[in-house]
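**Student:** structure for this input, please:
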Amino acid sequence: MEVSKTIIKVQDLSILHDAQQVMSNVSFEIDKGEFAYLIGKTGSGKTSILKMLYADLPLQKGSVEVLGYALHSLRKQEVPFLRRKIGIVFQDFQLFTDRSVEENLRFVLHATGWEQKTKVKQRIGQVLAQVGLFNIEKKMPHQLSGGEQQRVSIARAMLNDPDLILADEPTGNLDPTVANEILELFIHINQGGTAILMATHQHNFLKKYPKRVLWCEGGGITDIQKEEVAKKINQ
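**Tutor:** Purely as a prediction, here's the structure:
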């Protein structure tokens, strides 16, 4: 399936959650290789947008295309194929606590069709090196710091060389210094050509690494210009 320059296209989207309308008439696009922040207060709909983009929340109104897949007509059996093209990073890491780092990553590769042991081991080493982790394959998640656990979850998101990473408050559980290190890692990944849509409420990121901003507020999304960001932050 050919992927165009536009890898996310959202038109007239409305989102209902527990019978309550969270967002209405939302439209935006993300291009291949782009980096965009999804900014908004808790409850503004950021997580709902991301869940909808990786087909974890049903699309009820509007049209959405992600990496060539039309979500409004996506069949259940097609969802795994869409998700293989997307890396997903959560705030709470979501690692298997009873499995080593290597076993966590191997599980994803096996689930997505990797079979050769040599290639699996090689790929695990590659993604861990990409996120700056070495010789931790046999460690359990509880033996790692929060920042290291989040790096493992980013490595997991990179396993299948995705065109797009969706990150939901990936630094929310980390102290400011580690949070900045994780942001810098995402910037580096993006420079390698992977598009990133990052939901966050940490406005200081916008000052340190200005990027496109999609502002969630009042049930909608506004694509604001860089010069407007400071005004929004200081309101």
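
**Student:** dump the residue contacts of the residue lying closest to Leu16 once chain neighbours are set aside.
**Tutor:** Counting by Cβ to Cβ, 6 or more residues apart in numbering, Gln60 is the residue found nearest to Leu16 once chain neighbours are left out, at 5.5 Å. In short, each C-beta sits where N, CA and C put it, glycine included. Residues near Gln60 by Cβ atoms under 8 Å, 6 or more residues apart in numbering: 14-16.

**Student:** list the buried ones in the helix or strand harbouring Phe81?
**Tutor:** Using DSSP states H and E, the element containing Phe81 is helix 79-83. Going by neighbour count (16 or more other Cβ atoms under 10 Å), the buried part of helix 79-83 is 82-83.

**Student:** using PDB, write out every CA atom in that helix.
**Tutor:** Taking C-alpha atoms only, helix 79-83 is exported to PDB below (Å, rounded to 0.1, in the frame of the first residue of the first chain):
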ATOM      1  CA  VAL A  79      -6.100  -3.100  12.600                       C
ATOM      2  CA  PRO A  80      -3.000  -5.200  13.400                       C
ATOM      3  CA  PHE A  81      -1.500  -4.300  10.000                       C
ATOM      4  CA  LEU A  82      -2.100  -0.500  10.600                       C
ATOM      5  CA  ARG A  83      -0.500  -0.800  14.100                       C
END
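
**Student:** just how off-centre is that helix within its chain?
**Tutor:** Its chain's C-alpha centre and that of helix 79-83 lie 15 Å apart, by Cα atoms, centre = their mean, to the nearest Å.

**Student:** which secondary structure elements does it contact?
**Tutor:** Secondary-structure packing of helix 79-83 (3 or more Cβ pairs under 8 Å, 6 or more residues apart in numbering; DSSP states H and E): no helix or strand packs against it.

**Student:** next helix or strand past that helix?
**Tutor:** strand 86-89.

**Student:** can you list the strands that that next one pairs with?
**Tutor:** The strands beside strand 86-89 in its sheet (DSSP bridges) come out as strand 164-168 (parallel).

**Student:** residues making contact with the partner strand?
**Tutor:** Contacts of strand 164-168 (Cβ under 8 Å, 6+ apart): 7-8, 30, 46-47, 50, 53-54, 66-67, 85-91, 157-158, 186, 189, 194-199.

**Student:** which of these fall within strands?
**Tutor:** If you go by DSSP state E, the contacts of strand 164-168 have 7-8, 30, 66, 86-89, 195-199 in strands.

**Student:** closest to Ile124 out of the residues you listed?
**Tutor:** Gly87 (15.0 Å; Cβ to Cβ).

**Student:** the closest one contacts Met158, doesn't it?
**Tutor:** Yes. Under the criterion of Cβ atoms under 8 Å, Gly87 makes contact with Met158 at 5.9 Å.

**Student:** more neighbours, these two?
**Tutor:** Per other Cβ atoms under 10 Å, whichever of Gly87 and Met158 has more neighbours is Gly87, with 25 against 22.

**Student:** give the closest residue to the more buried one in space, chain neighbours not counted.
**Tutor:** Of all residues not flanking Gly87 in the chain, Ala157 sits nearest, at 2.9 Å (Cβ to Cβ, 6+ apart).

**Student:** OK, contacts around the one you found?
**Tutor:** Neighbours of Ala157 in contact, by Cβ under 8 Å, 6+ apart: 87-89, 165.

**Student:** check Asn160 too.
**Tutor:** With Cβ under 8 Å, 6+ apart, Asn160 has these contacts: 84-85, 87, 108, 112.

**Student:** Gln94 and Ser153 touch, don't they?
**Tutor:** Yes. The criterion here is Cβ under 8 Å, and Gln94 meets it with Ser153 at 6.7 Å.
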